[in-house]
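Chemist: what's the 3D shape of this:
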Amino acid sequence: MTIGIILIVIAVAEFLLGLYFLLAYQRSQATTWYGLFCIAVSIYVGANGIGYLIENFFIAERFGWAGGLLTAVFILPFSYSFPVPKKRVSELLPLILWPVLAFVPVTLWTNLFLVDIGVISYRAGYQTAAGQFFWALLTVFSVYWSWAMINLFRWYAQSDGLHRLQLRLIIFGILVSLGVSIVFDIIYPLVTVSRLGYIGSMFSAIWLGFTSYILVRK
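Modeler: Coordinates of the predicted model:
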């Protein structure tokens, strides 16, 4: 119960942070995509929090995976827009729309990616049951995140001064937090019954706070 409440509080804070970048902060391509990315993370964390609060967790797991996919979808355009835009919004929209339309509804409302295995709650431990096309979902997630990281490393190699320092810190924060989330939210529940799915969600607060400070200070 306590873990669920903590995750819900974190998710609300992340959602408000996303709105801040979308509406209140000095807007740019980078802050717009980052705001959407924050909201995607809040969906993922909030779904995990709900999973610890309710008895039937399967809907929460579906929303958690959908939110996780959206983080990959929105980190890619952010990687093309920070520290300066490299592509127009019209060029980035197709990269965003097709996975959202093709994967999010299927994740939420069918068993093609995730199958209900009947575990009653996150508190009791849960294990991800892969559907027929689960690995297609995981492939899109992996390709988008890898693509975004390659972009960030490329801009880091080409930059200097303040932008180089900012990119170094952003890359470090992303790699640490993403690594923790992959281990505890993807790999571990695939191979065994997990009671540690909250760890990756809690790490997201450190990650977003760290990166947001860098963006605001730029």
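Chemist: so how far is stretch 193-210 from its chain's centroid?
Modeler: Here stretch 193-210 shows a centroid-to-chain-centroid distance of 11 Å under the convention CA atoms, centre = their mean, to the nearest Å.
Chemist: and that stretch, average pLDDT?
Modeler: Averaging pLDDT along stretch 193-210 gives 75.
Chemist: where in the chain is pLDDT low?
Modeler: 25, 55-57, 117-123, 216-218 (pLDDT under 70).
Chemist: which residues does the residue nearest the centre of the chain contact?
Modeler: Centroid-nearest residue in the chain: Thr71, 3.2 Å away (criterion: CA atoms, centre = their mean). Contact partners of Thr71, counting by CB atoms under 8 Å, 6 or more residues apart in numbering, are 37, 40-41, 44. Every residue, glycine included, has its C-beta placed from N, CA and C.
Chemist: for Asn48, give its distance to Trp33.
Modeler: To Trp33, Asn48 is 23 Å away according to CB to CB, to the nearest Å.
Chemist: more neighbours: the two, which one.
Modeler: Between Asn48 and Trp33, counting by other CB atoms under 10 Å, Asn48 is the more crowded of the two (30 against 26).
Chemist: wait, isn't that one in contact with Tyr198?
Modeler: Yes: using CB atoms under 8 Å, Asn48 is in contact with Tyr198, at 6.3 Å.
Chemist: can you pull out the residues in contact with stretch 155-171?
Modeler: By CB under 8 Å, 6+ apart, stretch 155-171 touches 79, 82-83, 86, 149, 152-153, 210-211, 214, 218.
Chemist: residue boundaries of the helices in the protein?
Modeler: Counting by DSSP state H, one finds helices in the chain at the ranges 2-19, 29-53, 58-79, 89-109, 134-158, 161-181, 188-191, 198-217.
Chemist: would CSV of the ones you listed with distance to Val115 be doable?
Modeler: Putting the helices of the chain into CSV (distance: least, CB to CB, whole Å) gives the following:
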stretch, distance to Val115
helix 2-19, 23
helix 29-53, 16
helix 58-79, 9
helix 89-109, 12
helix 134-158, 8
helix 161-181, 22
helix 188-191, 13
helix 198-217, 21
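Chemist: so which of these comes closest to Asp116?
Modeler: Asp116 sits nearest to helix 58-79 of all these, at 4.7 Å, using CB to CB.
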